[in-house]
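> Predicted coordinates and the sequence they were generated for:
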Amino acid sequence: MTTSQIRDLATNRVSWIETLGASANEMLQVADASRTARAASYADKVEEAVERRGVLSATVGGYRAEVDLLEKTFRCSCPDHSQRGVVCKHLVAMTLAWREQRRAEWDALNQLLSL
Ligand SMILES: [Zn+2]
């Protein structure tokens, strides 16, 4: 692989992270303050987190959470979400965890691109 191909890959990845990140921020703004506060204690309960084609999914505190960042839809198997339809603490915790990881990756890629 050439340096130019590596740069293209890194540039595309940065752009992908920015697209999904903007959507993640929108979703986090929909969550109310009390659920966002409670999500902090769930940060270490986010398990099996994956992102595939813009869809985040994880098991959070025993519930199955999923956010489609392209379609901007979300669901969680907990009662708070399934009965009230709200952005629950599980969805917030998963999205925050993903955003933190991507922020680190975004920083690293931009460092690479500035070389
Ligand atoms: Zn939930």
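Structure's in. What do you need? Numbering: from 1, shown residues only.
> Can you name the residues that contact Val92?
Leu28, Ala31, Arg35, Thr36, Ala39, Tyr42 (Cβ atoms under 8 Å, 6 or more residues apart in numbering). Heads up, the C-betas are built off the backbone N, CA and C, glycines and all.
> My error: substitute Ala97 in the last question.
Ala43, Val46, Ala49, Ala58.
> Mind checking if the one helix or strand the third one maps to is in reach of the ion?
Pointing back at Ala49 there. Using DSSP states H and E, Ala49 sits within strand 46-52. No: judged by Cβ under 5 Å from the ion, strand 46-52 makes no contact with the ion; its nearest approach is 11.7 Å.
> for this structure, what spans make up the helices?
3-30, 33-39, 79-84, 89-113 (DSSP state H).
> what's the closest of the ones you listed to Glu66?
With respect to Glu66, and counting by Cβ to Cβ, the nearest of those is helix 89-113 at 8.4 Å.
> between the closest one and strand 46-52, how many degrees?
60 degrees (axes from the mean of the first three to the mean of the last three Cα atoms, to 10 degrees).
> is any part of helix 89-113 close to the ion?
Yes: interface with the ion: helix 89-113 contributes His90 (Cβ under 5 Å from the ion).
> what's the average pLDDT for that helix?
Averaged over helix 89-113, pLDDT sits at 96.
> in it, what's buried?
Of the residues in helix 89-113, 89-99, 102, 106, 109 count as buried by neighbour count, 16 or more other Cβ atoms under 10 Å.
> about what we covered before: let me know the closest of the contacts of Val92 to Phe74.
Closest to Phe74, out of all of these and judged by Cβ to Cβ, is Ala31, at 10.0 Å.
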